[in-house]
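**Student:** Sharing a model that was predicted from the sequence below.
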Amino acid sequence: MPELPEVEVVRRGLAPRTVGRTVTDVELLDARIIRRQHGGIDRLRAGLVGSTLTAVVRRGKFLWWRLADPDGAETGEALMGHLGMSGQLRIATADGATVTPGGPPAPSEGPAPDPQRHRRLSLHLDDGTRVDLIDQRLFGGVWTSPLVEAADGALAGVGSPDALLPEGASHIARDLLDPAVDLGAIARTLRARRSAVKALLLNQEIVSGIGNIYADEALWSARTRYDTPGTALSQRRALAILRAAREVMERALAVGGTSFDALYVNVDGRSGYFARSLNAYGREGEPCPRCGRLLRRVIYQGRSSHFCPRCQRRTM
DNA sequence: CTGACCCTGAGG
DNA sequence: CCTCAGGGTCAG
């Protein structure tokens, strides 16, 4: 599953190969991938064909391209994308070969989902290349959205030239890799809520980009159990959780993104290889790397939570 | 806030 | 055949 570091790797891979290019055609292979597009494929084509991609921006797990008319003027819309559970964005050259953009080499970890079978949409660019959205489970999608001003006036996201962001991402909080993120403010928000800290970490309106894996890892690092109420956290501990999440993400980014199975591959089709560095997620029944007690897994809010019953305690 | 839903493929 | 996994969204 693409988590935030993977999405940032994808953004970095896409930027040099798409910015400055003009969209010549939109090829739709499965209409479900544009489920969130108002006006359907006609509207998507009208907004894209002839437009130039001027930047690739990311906030949380949302990506978007800024768009300009042929005369260089902003169209006032962005092309948004989300990879969902199983989405990949790849660049393909005219002869069908997969291009090699940025991102470190990675060992192969089994076959990825069939790119031909699961190709859902392609943007054809004026240099003859194609941006393919491949998505086995169709939780991802692309759609256009009008630009609005970011509430805090800072750059809208990583890679953004200004404070404009798509309306469709305006409810998404800044993520922990965003230079404009305010950890102290997020920590205070966590402490003001009675909900379980894990639910708060997964709430994209409080802090974005933390999925189930990184929530469990951050809570393990900060020795905090998933069901600790936000109100029970000290500012110090809330900050420790957020810093732990950021640190795990930065480490994952440094090696090309996390992947615990073959579903996720980089923009060039290579798998990330961070899975072995995870301390808690997916390690039910294994000894805690810190204290040796066997890690537990419980279903919480319909999702698995992994934790150490000895060193992650609920009471502060 | 909780749970259903979207979706596919792996595994029981 | 059934269940499960996951992020985001929406109805209740």
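**Tutor:** Received it, and whenever you're ready, just let me know what you need.

**Student:** And residue A:215, which helix or strand is it part of?
**Tutor:** Secondary structure from DSSP states H and E places residue A:215 in helix A:212-221.

**Student:** how many neighbours does the closest residue to DNA strand C within the stretch 101-250 of chain A have?
**Tutor:** Closest residue of the stretch 101-250 of chain A to DNA strand C, CB to the nearest atom of the strand: residue A:211 (2.5 Å). Where you see a C-beta, it was placed from the backbone N, CA and C, and this is true even at glycine. By the criterion of other CB atoms under 10 Å, residue A:211 has 19 neighbours.

**Student:** ok, now the one 5 residues further on?
**Tutor:** By the other CB under 10 Å criterion, the neighbourhood of residue A:216 contains 29 residues.

**Student:** Now the residue positioned nearest the centre of chain A. Nearest residue, chain neighbours left out?
**Tutor:** The centroid of chain A falls nearest to residue A:61 when counting by CA atoms, centre = their mean (2.6 Å). Counting by CB to CB, 6 or more residues apart in numbering, residue A:61 lies nearest to residue A:7, which is 5.0 Å off, once chain neighbours are set aside.

**Student:** What is the burial count for that neighbour?
**Tutor:** 27.

**Student:** in the host helix or strand of it, what counts as buried?
**Tutor:** Using DSSP H and E, residue A:7 maps to helix A:4-18. Applying a neighbour-count criterion of 16 or more other CB atoms under 10 Å, one finds A:4-15, A:17-18 buried in helix A:4-18.

**Student:** Counting by contacts, list what it packs against.
**Tutor:** strand A:52-59, strand A:62-68, strand A:87-92, helix A:235-254 (3 or more CB pairs under 8 Å, 6 or more residues apart in numbering; DSSP states H and E).

**Student:** can you put these in JSON lines and add distance to DNA strand C?
**Tutor:** Formatted as JSON lines, the helices and strands packed on helix A:4-18 follow (distance: least, CB to the nearest atom of the strand, whole Å):
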{"stretch": "strand A:52-59", "distance to DNA strand C": "10"}
{"stretch": "strand A:62-68", "distance to DNA strand C": "7"}
{"stretch": "strand A:87-92", "distance to DNA strand C": "10"}
{"stretch": "helix A:235-254", "distance to DNA strand C": "13"}
